[in-house]
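[1] Got a sequence here, can you build the structure:
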Amino acid sequence: MLPPEPAPLPALTRAEGAYIDSYLDMVDLLGRINPARAAHTYSALRAAQALAGRAEALRDALTAMHDRGESEVHSRTLARALRVLDGERRTARVTLPQEPVS
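    Numbers count the residues shown, from 1 in each chain. Sure, this is the predicted structure:
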């Protein structure tokens, strides 16, 4: 039996797609930098170095949206896109892990 089909990605403008992609790229990097989850300084350093470039891509996506007259962020649609792209798991790595229960 085949696994269930993933939910389809909602229709996004090219700039909204770039916004989501750049945001998730930054989240992934922040997850690697997170001191509560990092295992090695070198991988955290590499992620920190890459963060500036991804921040520029995020800025460029938002600038493109603004320049095209997309003045509102359609958060419900973008949240659906984030869920389809595994955003909940990816953003969880940015938070502190739960304390062990004793």
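[2] Tell me where the chain is predicted with low confidence.
    For the chain, the stretches with pLDDT under 70 are 102.
[3] Could you pull out the helices in it for me?
    Ranges of helices in the chain, per DSSP state H, are 14-33, 41-67, 75-84, 87-92.
[4] closest one to Pro6 among these?
    helix 75-84 (6.4 Å; CB to CB). Bear in mind the C-beta positions are built from the backbone N, C-alpha and C, glycine included.
[5] chain center to that closest one: distance?
    Chain-centre distance of helix 75-84: 11 Å, with CA atoms, centre = their mean, to the nearest Å.
[6] I'd like to know how far the spatially most central residue of the chain sits from Arg54.
    Closest to where the C-alpha atoms of the chain average out (CA atoms, centre = their mean) is Leu24, at 1.5 Å. Using CB to CB, to the nearest Å, Leu24 is found at 10 Å from Arg54.
[7] Any figure for the gap between Val73 and Arg90?
    Look at Val73 and Arg90: by CB to CB, they are 19 Å apart.
[8] Also Thr41?
    Counting by CB to CB, the gap from Thr41 to Arg90 is 22 Å.
[9] Please apply the same query to Arg59.
    Separation of Arg59 from Arg90 (CB to CB): 20 Å.
[10] More neighbours: which of those two?
    Arg90 (17 against 11; other CB atoms under 10 Å).
[11] If you tally nearby residues, what's the number for the residue lying closest to that one once chain neighbours are set aside?
    Nearest residue to Arg90, sequence neighbours excluded (CB to CB, 6 or more residues apart in numbering): Val27, at 5.2 Å. Val27 has 18 neighbours, counted by other CB under 10 Å.
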